[in-house]
Structure formats: C-alpha cells, structure tokens
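Asker: sequence below, structure please.
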Amino acid sequence: MLDEDFARIRAHRNNIHRYRRLLKTRLSDLERQFIERRLSEKQTALEALASKAFPVAFSLPKSSTPPARARAAQ
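Answerer: Have a look, this model is predicted:
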C-alpha cells in the first residue's frame, strides 16, 4: 500500500513539474488556462494523498508557553 502511495505521489509530482515547465513556454490563452487548471488539480491531489500517506501524529499546543516539564529542564 505504501509503495502504491509513493508511486502516486511521484506521478503527481512529475506531472506538476511538467505543467510548470509548459507554463514557461509560449501558449495560447486556452492552453494556458487548461494547464493552470490541471496544475491546480494535481497540486490538490498531491496534498490530499500526502496527508493520507503521512498523517500528522501530533499537534502543537496552542499556547506559546512550554509545558512545566520543559521549563524545569531549562
């Protein structure tokens, strides 16, 4: 399963790079709009897949003060 996710991530990343290269070339307005839309779709798909494959296992505390244990260690 993880190998499949890596392959999909790699495919999305490669497509994103290709679309960015294409945007640096001379394109008609219609072609540019199409590529920009596809680039946006691929970036969204990559972010969704990456967050699914690599979920965040922790969250940062909302307060800016460190926990008591961390203050004691200082």
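
Asker: what's the helix or strand for A7?
Answerer: helix 2-23 (DSSP states H and E).

Asker: for stretch 15-22, buried residues please.
Answerer: Of all the residues in stretch 15-22, those buried under the rule 16 or more other CB atoms under 10 Å are N15, I16, Y19, L22. From N, CA and C alone the C-beta is placed, and that goes for glycine too.

Asker: quick one: contacts of it?
Answerer: Here stretch 15-22 makes contact (CB atoms under 8 Å, 6 or more residues apart in numbering) with I35, R38, L39, K42, Q43, L46.

Asker: you'd agree the fourth one is up against A11?
Answerer: No: in this structure, K42 is not within contact of A11 by CB atoms under 8 Å, at 9.1 Å.

Asker: ok, D29 - contacts?
Answerer: Per CB under 8 Å, 6+ apart, neighbours of D29: none.

Asker: what count of nearby residues applies to A11?
Answerer: If you count neighbours by other CB atoms under 10 Å, A11 ends up with 14.

Asker: check it and give its pLDDT.
Answerer: Looking at A11, its pLDDT stands at 94.

Asker: you'd agree L2 is up against A53?
Answerer: Yes: using CB under 8 Å, L2 is in contact with A53, at 7.0 Å.

Asker: show me which helix runs longest in this structure.
Answerer: Determined from DSSP state H, the single longest helix within the chain is helix 29-53.
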